[in-house]
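Q: my questions are about this predicted structure, shown below with the sequence.
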Amino acid sequence: MRIQFLGTAAAEGIPALFCNCETCRTARQRGGKDLRRRTAYLVDDDTMVDFGPDIFWQSMAYGIELEKIQRLLISHSHSDHLAVKDLQWRAMGYSNVDTDMTLYGDQAVMDTLRAEMEYFTSQRYRFRLQLAFPGDTFTDGDMTITAIRASHARPPEIPLNYVIQRGGVTALIGHDSGWWREESWEILRRFKLDIVVMEGTCGFGQPDQQSHHMGANAVVRLHGELRKQGILKEDATAVVSHFSHNGHALHDRLEEFFAPHGIQVAYDGMVVER
């Protein structure tokens, strides 16, 4: 399995729009790994997790052929993870795509699509809409997808993280979540993870935050709990992503903090392969 991090920032990006804080000023000066676009992932070459407002740039920069995406896993309906206005260009008349794409998400995602996409019908956009609830498992081609409840958005949204299995590899994409509820831990105990992507939005700004988002210390505790409960394999790849400028998320400082704990720091374009 190959996972490419197309973006590694929270909603504002880094440097954040309109912001002149020290983190954003430094990121503008340094460039490179300190520049972060909104979070999304490419799994192999046929699956995406989230579809944010930087998708045009990301698809150009990383050579993604969007017409080849067979499945799109949406974590929740917030606009930095579901860029409806860009997704609508898949419609007949705007593109000549001739294959269906399965789009997974909770009811709030489905409602957002129907409310905000122009003249919405599944046929017009070549979508197969798959409503997902925590605990649901789907077999899609040679991929198995299990949804767990993230601890993030407020009701009626039911935000989701996804466990993805393919070719003997099991990965958890766990951004935009605080500490999981017991119902999610119970599901996770069924798996032995080769890859885990954890959420690090609050960074050093609120290092112990673990409600809705995670701070740096909370990420370390989460990584330790996954190991303690036997959910992570001994040689598992652990990565932290989804950073906010308010967390003072300059790449070198993040690496210095997380490296001793065996946690890699994601950057835009980074590839993890197992």
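A: Thanks, I have it.
Q: how far is the top strand by length along the chain from where the chain is centred?
A: For the chain, the strand with the greatest residue count under DSSP state E is strand 232-241. Offset of strand 232-241 from its chain centre (Cα atoms, centre = their mean, to the nearest Å): 16 Å.
Q: need the nearest residue in space to residue 222, chain neighbours excluded.
A: Leaving aside its sequence neighbours, residue 222 sits nearest to residue 198 (Cβ to Cβ, 6 or more residues apart in numbering; 5.9 Å). For every residue, glycine as well, the C-beta is placed using N, CA and C.
Q: before we move on, the earlier item: in CSV, could you pull the C-alpha coordinates for the longest strand of the chain?
A: C-alpha atoms of strand 232-241 as CSV (Å, rounded to 0.1, in the frame of the first residue of the first chain):
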residue,chain,number,x,y,z
LEU,A,232,0.0,-1.4,16.4
LYS,A,233,2.4,-4.0,15.0
GLU,A,234,5.9,-3.8,16.4
ASP,A,235,7.3,-2.5,13.1
ALA,A,236,4.3,-0.2,12.3
THR,A,237,4.8,3.1,10.7
ALA,A,238,3.4,5.9,12.8
VAL,A,239,2.9,9.4,11.3
VAL,A,240,1.4,12.6,12.7
SER,A,241,-0.3,15.1,10.4
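Q: at which residues are the strands of the stretch 51-200 of the chain located?
A: With strands called from DSSP state E, counting those that start in this stretch, the stretch 51-200 of the chain shows them at 71-73, 101-105, 127-131, 137-140, 143-149, 160-166, 169-173, 193-199.
Q: now render these as JSON lines, adding mean neighbour count, distance to residue 217 and mean pLDDT.
A: Output for the strands of the stretch 51-200 of the chain, formatted as JSON lines (neighbours: other Cβ atoms under 10 Å; distance: least, Cβ to Cβ, whole Å; pLDDT from 0 to 100):
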{"stretch": "strand 71-73", "mean neighbour count": "24", "distance to residue 217": "29", "mean pLDDT": "98"}
{"stretch": "strand 101-105", "mean neighbour count": "23", "distance to residue 217": "31", "mean pLDDT": "97"}
{"stretch": "strand 127-131", "mean neighbour count": "15", "distance to residue 217": "36", "mean pLDDT": "96"}
{"stretch": "strand 137-140", "mean neighbour count": "14", "distance to residue 217": "33", "mean pLDDT": "98"}
{"stretch": "strand 143-149", "mean neighbour count": "21", "distance to residue 217": "23", "mean pLDDT": "98"}
{"stretch": "strand 160-166", "mean neighbour count": "23", "distance to residue 217": "20", "mean pLDDT": "98"}
{"stretch": "strand 169-173", "mean neighbour count": "22", "distance to residue 217": "20", "mean pLDDT": "99"}
{"stretch": "strand 193-199", "mean neighbour count": "24", "distance to residue 217": "12", "mean pLDDT": "98"}
